[in-house]
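Trainee: okay, sequence plus prediction incoming.
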Amino acid sequence: MNQFPHGWGRPRDDVYGAYDASYLNSTEPVTHTQRPIVTGTSVLGVKFKDGVIIAADNIASYGSLARYDNVERLLQVGTHTVIGAGGDISDMQYLHLLLDNLLIREQYPADDHHLYAPQVHTYLSRVLYQRRNKFDPLWNSILTAGADPKTSEPFLSYVDLRGTTFSAPALATGFGAHLAVPILRRYVPDDAAAEALTQEDAEKLVEECMKVLWYRDARSGVTYSWAVIKKDGVETGNKKIENQSWKFAEMIKGYGAQNI
Amino acid sequence: MFRNNYDNDSVTFSPQGRIFQVEYALEAIKQGSAAVGLRSKTHVALVALKRNAEELGSYQKKIIPIDKHLGVALAGLSPDARVLSNFMRQQSMASRLLYKRPVPVARVVNAIADKAQVNTQHYGKRPYGVGLLIAGVDETGPHLWEFQPSGQILEYFGAAIGARSQSARTYLERYFESFPDVSRDELVVHGLKALRDTLQQDRELTTDNTSIAIIGIDEDWKQYDGPKVKRFLDLLGEDGTRSQRAARMDTAVDVGGEGEDDDELAALLGPQEGTSAMDTTE
Amino acid sequence: MASSYMLPYAQQAPPSYAHPTEASQPRQHHWSPYTENGGVILGIAGKDYVILAGDTRSSEGYNINTRTARKVFSVGSGLILGVVGMSADGEELARKVTRKIDDYKRNHDKHITVSAAAVMLSRILYQKRFFPYYCQPLLGGLDENGVGAIYTYDYVGSFEREQSRAFGSAAALITPFLDNQINLKNQFVPGSNGEQPKQAGDLPRATVEKIVKDAFTSAVERQIEVGDGLQLVTITRAPPRTEEEADDDDWTGAAISVELSPLKKD
């Protein structure tokens, strides 16, 4: 015992060495998420005549490892909205938590005011933009799809980790922006084309794009979830990519040992 | 010396179960000039009587816009109304920013009610000394709410607050069943007729002392003061801008009279009509 | 000899077995909060009008995000704001300006003037001096005399009033064109043998509208980030108030019109 109170109760320095307090006043910068860890790939969305369809596969990758094959990346938010997220899965789950809580809070007043797709999308964009302003981004790109319960006006919008937002009659995140969007735009170049598109054709179109992604995006999966949102609500389901043909793979040369 | 042992703070009940500070706050509303609100299927109108403390001074604002779809009329301490309306403005802007949604009227009214209630339950705080009529339009249509310093809020077809407002309420009670289907201008005229009944004998509605605001399902908040009021005063026609209450009293029995006059609290509070000691009361 | 625990920590020699520090080197941030969404905006002020135009393409790298994004916003009180650069920052800026202009109207019971709004926008930009909005704004409106005004800014709020200005990824292409066509640089009076320069004056709105459209169609040819559509916003003096409008607090004396026309999509 000595007269220095800060030494009392500490392990004896002459035995254990001085306490290393360097970690307490670190001079290092505060670090935040710098890269996504477990990730989901593309999300697709297409508007059609009286609604909108959205789809995302069920794979969650750990780098190039297909770590989970049963992850649900679509979330129904309220009665007429579905969001689909690509990017970091844990950040996505955190957003799901935020939205679930928001929707619960929103129901308490029971005053016939509801959050629909435009409101959900705006909320998400505010959250993501504010996080990027803190240099602590939520590492996702998200599609919000919905339909107006009164007018059946379809809604489809994109927001990403920097708070960038935009909307179009057909959208895709991640790899889908490269592989699916050109196909989608061929059929749905503008709002007029979306208004002429039937639900059946929209579903076929998404199916086709998911197949292309399965063929060419190494982080994609063979099963995917879809949701159709129309005036009367949300319909969801799961699908497996059928009628696959890997014939084209035989033509690919130059990536490994092979006989010429 | 002490007239009442139970009115030193807002956290003490009287043995009769009353909180006097809150009741005094309700009295503060009656010190303010009248404000009337009424609602049709498509519109809500607010009309209010402005007072000038003296001939040389300006008139006190009675109607405060909050947002494109929302505004209030006040009776009582206008500085308190400013605080509340600024808070409502914040709520409204937050809703637009976060959800791109004009704040639902009932929600913002509930928010100020909660704020007001807190003041009635904490030692050292004082209740707001102002009553509000809140007019707004949202997804669920046009709404008219009344807010009181007690934290009580109620939705109305027609409501009146402030000095001699009982006369306006009497008018509204007589005619409110026709309100749902009247036009925008007719709604204002009903409001003005109700308001003029709160006037003292020698007063009349003028472009200087009348404030009007109207809001509709497809019409953003619009406010009329000064010369802009003339168009509506002209619509009052031959009846004119003076109180018609006496004339109607012949045909109908008036309910009560001025509530504040026969209130037992009035005796405790001293003189109420005329210039108030509180110069902040409009 | 006094044992080390009798000394204040500051005087103690570092223990030889201190934690290794090399593993806790700060990691480099390789994430940028900024991105660039391309596009171009162009503002021209006339003696009784303002034209502010922008293309409607939003891109990121070689991807076209959408062909229908607007870059020119009505911010209230008869004023318009064009933003180009990072769209998330630009839209945030437009929201903030809109809100502040509304606050001004509420607090002062009158519409803000374009010159006051110009200073306000400068302050908003400078407030973020050390984490700037990554966008270049153009503010347009009619001044107190009904004369067209364009205010131009850099990222951190430095500003001036100008006659014409192009911002964005094709600014370098459009600016010399404006120099020549609006300010009549390098144009000479015919027959003066290149001695007498043409004097720039007030151009009629129809002429300027043509110049704007030509500027965009040319930019589309040479800049991949520009294209899809043209959003052309014009402020003109509103006709004298009708009796109905005499009551209207929202009446600003300015009439804003928006015209959308196609540009090449390739």
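Mentor: Happy to help now that I have it.
Trainee: B:Met93 versus the most centrally placed residue in chain C, what's the distance?
Mentor: Centroid check for chain C by CA atoms, centre = their mean gives C:Pro137 as the closest residue, at 1.6 Å. If you measure C:Pro137 against B:Met93 using CB to CB, to the nearest Å, the figure is 21 Å. (Each C-beta comes from the backbone N, C-alpha and C, glycine too.)
Trainee: output the longest helix anywhere in chain B as PDB, nothing but the C-alphas.
Mentor: When chain B is parsed with DSSP state H, its longest helix is helix B:78-99. Extracted in PDB, the C-alpha atoms of helix B:78-99 (Å, rounded to 0.1, in the frame of the first residue of the first chain):
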ATOM      1  CA  SER B  78     -50.000  34.300 -27.700                       C
ATOM      2  CA  PRO B  79     -46.400  33.700 -26.700                       C
ATOM      3  CA  ASP B  80     -47.400  30.200 -25.500                       C
ATOM      4  CA  ALA B  81     -49.200  29.700 -28.800                       C
ATOM      5  CA  ARG B  82     -45.900  30.600 -30.600                       C
ATOM      6  CA  VAL B  83     -44.100  27.900 -28.700                       C
ATOM      7  CA  LEU B  84     -46.700  25.300 -29.500                       C
ATOM      8  CA  SER B  85     -46.900  26.300 -33.100                       C
ATOM      9  CA  ASN B  86     -43.200  26.200 -33.500                       C
ATOM     10  CA  PHE B  87     -43.200  22.700 -32.100                       C
ATOM     11  CA  MET B  88     -46.000  21.700 -34.500                       C
ATOM     12  CA  ARG B  89     -44.000  23.200 -37.300                       C
ATOM     13  CA  GLN B  90     -41.000  21.100 -36.300                       C
ATOM     14  CA  GLN B  91     -43.100  17.900 -36.200                       C
ATOM     15  CA  SER B  92     -44.600  18.700 -39.600                       C
ATOM     16  CA  MET B  93     -41.300  19.400 -41.300                       C
ATOM     17  CA  ALA B  94     -39.800  16.300 -39.700                       C
ATOM     18  CA  SER B  95     -42.600  14.200 -41.200                       C
ATOM     19  CA  ARG B  96     -42.100  15.700 -44.600                       C
ATOM     20  CA  LEU B  97     -38.400  15.100 -44.500                       C
ATOM     21  CA  LEU B  98     -38.400  11.600 -43.100                       C
ATOM     22  CA  TYR B  99     -41.500  10.200 -44.800                       C
END
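Trainee: list the buried residues of that helix.
Mentor: Buried residues in helix B:78-99, counted by 16 or more other CB atoms under 10 Å in any protein chain shown: B:78, B:80-81, B:84-85, B:88-89, B:91-93, B:95-97, B:99.
Trainee: any idea of the mean pLDDT in that helix?
Mentor: Averaging pLDDT along helix B:78-99 gives 97.
Trainee: where along the chain do the strands fall?
Mentor: You didn't pick a chain, so chain A it is. Here chain A has its strands, by DSSP state E, at A:38-40, A:43-48, A:51-57, A:60-62, A:65-68, A:74-76, A:81-88, A:140-147, A:154-160, A:165-167, A:170-172, A:223-230, A:233-240.
Trainee: oops, chain C please
Mentor: Secondary structure of chain C by DSSP E: the strands cover C:40-45, C:49-55, C:58-60, C:63-66, C:72-76, C:79-85, C:135-142, C:148-153, C:159-162, C:164-168, C:229-237, C:254-262.
Trainee: partner strands of the second one, parallel or antiparallel?
Mentor: So that's strand C:49-55. strand C:40-45 (antiparallel), strand C:229-237 (antiparallel) (DSSP bridges).
Trainee: chain center to the last one: distance?
Mentor: Yep, that's strand C:229-237 we're talking about. Relative to the centre of its chain, strand C:229-237 is centred 15 Å away, using CA atoms, centre = their mean, to the nearest Å.
Trainee: B:Leu46: neighbour count?
Mentor: Residues within reach of B:Leu46, counting by other CB atoms under 10 Å in any protein chain shown, total 30.
Trainee: wait, A:Asn238
Mentor: 10.
Trainee: I'd say it and A:Tyr224 touch.
Mentor: Yes. With contact defined as CB atoms under 8 Å, A:Asn238 reaches A:Tyr224; the gap is 7.1 Å.
Trainee: between the two, which contacts overlap?
Mentor: Both A:Asn238 and A:Tyr224 are contacted by A:Asn58, under the criterion CB atoms under 8 Å, 6 or more residues apart in numbering or on different chains.
Trainee: can you pull the contacts of the most centrally placed residue in chain A?
Mentor: By CA atoms, centre = their mean, chain A has its centre lying nearest to A:Ala85, at 1.1 Å. Contact analysis of A:Ala85 by CB under 8 Å, 6+ apart lists A:Gly40, A:Val43, A:Ala56, A:Arg73, A:Leu75, A:Met92, A:Leu95, A:Asn140, A:Ser141, A:Ile142.
Trainee: which residues does the first one bridge with?
Mentor: Assessed by DSSP bridges, A:Gly40 has beta-bridge partners A:Gly87.
Trainee: measure it to A:Ala66 for me?
Mentor: Separation of A:Gly40 from A:Ala66 (CB to CB) stands at 11 Å.
Trainee: comparing the strands paired with strand C:49-55, which comes out most buried?
Mentor: Compared across the strands paired with strand C:49-55, strand C:40-45 shows the largest average neighbour count, a mean of 29 (mean count of other CB atoms under 10 Å in any protein chain shown).
Trainee: one step back: from the contacts of A:Ala85, which is closest to chain C?
Mentor: Distance to chain C, by CB to the nearest CB, is smallest for A:Ser141 among those, at 10.6 Å.
Trainee: pull the number of nearby residues for the closest one.
Mentor: A:Ser141 has 24 nearby residues by other CB under 10 Å.
Trainee: contact partners for it?
Mentor: The neighbourhood of A:Ser141, defined by CB under 8 Å, 6+ apart, consists of A:Val43, A:Ala85, A:Gly86, A:Gly87, A:Tyr158, A:Val159, A:Asp160, A:Leu161, A:Thr173, A:Gly174.
Trainee: how does it look with 6 Å?
Mentor: Listed by CB atoms under 6 Å, 6 or more residues apart in numbering or on different chains, the contact partners of A:Ser141 are A:Gly86, A:Gly87, A:Asp160, A:Thr173.
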